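J.: Sequence isn't available, so here's the structure alone:
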Ligand SMILES: Nc1ncnc2c1ncn2[C@@H]1O[C@H](COP(=O)(O)OP(=O)(O)O)[C@@H](O)[C@H]1O
Ligand SMILES: N[C@@H](CCOP(=O)(O)O)C(=O)O
């Protein structure tokens, strides 16, 4: 579920007077999602999504997130478009939270993607990277090395409750990544959370990308590694070579990876696996029993991390590597 903050019809109607969106005809909370409260609104004009930003989103970052969606949509990428209020602002306040209205995107996320879908995701990711090249606002990645160290400091004392030996294994991994993390790869704006639930399809055709609330500036190839982790493993934990190959070919059909980016894929994939392992572990340890949000399994990402540690050549991801 993701409705942390409830709203009354009166408050909502009052909020909507600041926009040119027609008359409200119905609204309901959306169960999916993790970070924010989302509502689907029907009006006498187009359907809309209302998002109330919860405590994990820093209100100071909203101009980056909403400005980025606007920037990408203007450049032809299919993503939600934030609606301006009568005073030109993209955010207001509702029920004590910063709130925004964004356009409703048609489509559904895929529970069982195939290689062909992964190819389209790779393509869309590269299109996003290129379209964001001239986006003026910057946002450093709060969930890179320093952020991992901070999260780990909070989770480490209880890590062995989740799995024996975890504390030592992760401490060693963090040491390794701190010493070897790439520093000179091409950077730009990355989505940083392009998981299956954030990509919509109409039938078998990708219809759009949502949820830009982890977007930031970082290495472009790191975003590719995030997608390999999110899309190219089977439920039994094995890597699906065909999906990986399709994802990488799709990406490279729009933005070819440099030799250095290719060589760095295994370590970027390790870092990406650790990042999602750590946020999931932290949530696992701190979300109270009975909370309405579904906790995600951190160990899924530990298994992915171990897989990447054993990679000898990036060709194992399905990438053509020059001999
Ligand atoms: N622009 C949109 N168009 C259609 N549905 C959306 C849109 N934005 C969000 N949703 C719906 O809300 C759900 C949660 O949105 P998301 O941005 O992933 O939330 P969170 O940031 O809390 O994870 C999505 O899975 C989708 O069902
Ligand atoms: N994708 C992350 C959790 C963030 O959830 P989202 O609903 O904001 O995409 C994970 O799987 O750990």
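T.: Arrived safely. No experiment lies behind these values; they were computed from the predicted model shown. Ligands and ions are numbered 1, 2, ... in the order given.

J.: Now do the same contact list for the closest residue to ligand 2 within the stretch 101-250 of the chain.
T.: Distances between the stretch 101-250 of the chain and ligand 2 by C-beta to the nearest ligand atom are smallest at residue 195, namely 4.3 Å. The way it works is simple: take the backbone N, C-alpha and C, and place the C-beta from them, glycine included. The contact partners of residue 195, by C-beta atoms under 8 Å, 6 or more residues apart in numbering, come to 230, 231.

J.: switch the cut-off to 10 Å
T.: Residue 195 makes contact with 109, 121, 211, 226, 227, 229, 230, 231, 276, 296 under the criterion C-beta atoms under 10 Å, 6 or more residues apart in numbering.

J.: now, which of the residues you listed lie close to ligand 1?
T.: With C-beta under 6 Å from any ligand atom as the criterion, those include residue 211 near ligand 1.

J.: Adding pLDDT, neighbour count and secondary structure, write the contacts of residue 195 out as a markdown table.
T.: Compiled in a markdown table, these are given as follows (pLDDT from 0 to 100; neighbours: other C-beta atoms under 10 Å; DSSP: H, G, I helix; E, B strand; the rest coil):
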| residue | pLDDT | neighbour count | secondary structure |
| --- | --- | --- | --- |
| 109 | 97 | 14 | coil |
| 121 | 98 | 28 | helix |
| 211 | 96 | 22 | coil |
| 226 | 98 | 26 | helix |
| 227 | 98 | 26 | helix |
| 229 | 98 | 25 | helix |
| 230 | 98 | 23 | helix |
| 231 | 98 | 23 | helix |
| 276 | 98 | 21 | helix |
| 296 | 92 | 15 | coil |
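
J.: Looking at the contacts of residue 195, which is nearest residue 43?
T.: When the contacts of residue 195 are compared for distance to residue 43, the smallest value, 22.5 Å, is given by residue 211; criterion: C-beta to C-beta.

J.: what does the stretch 51-200 of the chain put close to ligand 1?
T.: For the stretch 51-200 of the chain, the residues found near ligand 1 under the criterion C-beta under 6 Å from any ligand atom are 80, 102, 104, 105, 197, 198.

J.: number of nearby residues for the second one?
T.: Spelled out, that is residue 102. Here the number of neighbours of residue 102 (other C-beta atoms under 10 Å) works out to 22.

J.: Give the helix, strand or coil label for it.
T.: Remark: residue 102 carries the secondary structure label strand [criterion: DSSP: H, G, I helix; E, B strand; the rest coil].
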